[in-house]
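Chemist: Fold the following for me, if possible:
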Amino acid sequence: MQEISFDPRYLDWVRSGSKTHTTRYGEAVALGPARFRFESNPPVWLDAEVTAIRTVSVVDLDDADAASENFADADELRAALRYHYPGLEDSAQVSVVAFDVHH
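Modeler: Residues are numbered from 1 along each chain as shown. Down below sits the predicted model:
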């Protein structure tokens, strides 16, 4: 089963359902079952299902993409991505991953 790592700051958003997507750069993600690992100490694990994946340029991320990740707008989403992926270019292709968490 695939494992997808998250910064622990997103744990409450994922648990509450306010974050239903994750945007990834340079990471292989597949449709189907997944284990989410939140990089806290100790780590927190959640079972989930990746339900859709689409590829888009960073510059083409929109406010709807941001809302699905609990960000105010596309600029805030792009800033978060650049925090996680320093030097990320506007032309870079990213994967927008939709998921459902099993409760």
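Chemist: what ranges do the helices span in the protein?
Modeler: For the chain, the helices defined by DSSP state H cover 11-16, 63-68, 74-84.
Chemist: Now tell me what touches the first one from outside.
Modeler: Right, helix 11-16. 6, 19, 36, 38, 40, 44, 46, 69-70, 101 (CB atoms under 8 Å, 6 or more residues apart in numbering). Any C-beta I mention is one placed from the backbone N, CA and C, and that applies to glycine too.
Chemist: May I see the buried residues of that helix?
Modeler: 11, 14 (16 or more other CB atoms under 10 Å).
Chemist: Then the longest one?
Modeler: For helix 74-84, the neighbour count (16+ other CB under 10 Å) marks 74, 77-78, 80-81 as buried.
Chemist: can you give me how far that helix is from the chain middle?
Modeler: 11 Å (CA atoms, centre = their mean, to the nearest Å).
Chemist: Name the nearest residue to the residue positioned nearest the centre of the chain, ignoring sequence neighbours.
Modeler: When the chain is reduced to its mean C-alpha position, the closest residue under CA atoms, centre = their mean turns out to be residue 22, at 1.5 Å. Closest residue to residue 22 apart from its sequence neighbours, by CB to CB, 6 or more residues apart in numbering: residue 97 at 5.0 Å.
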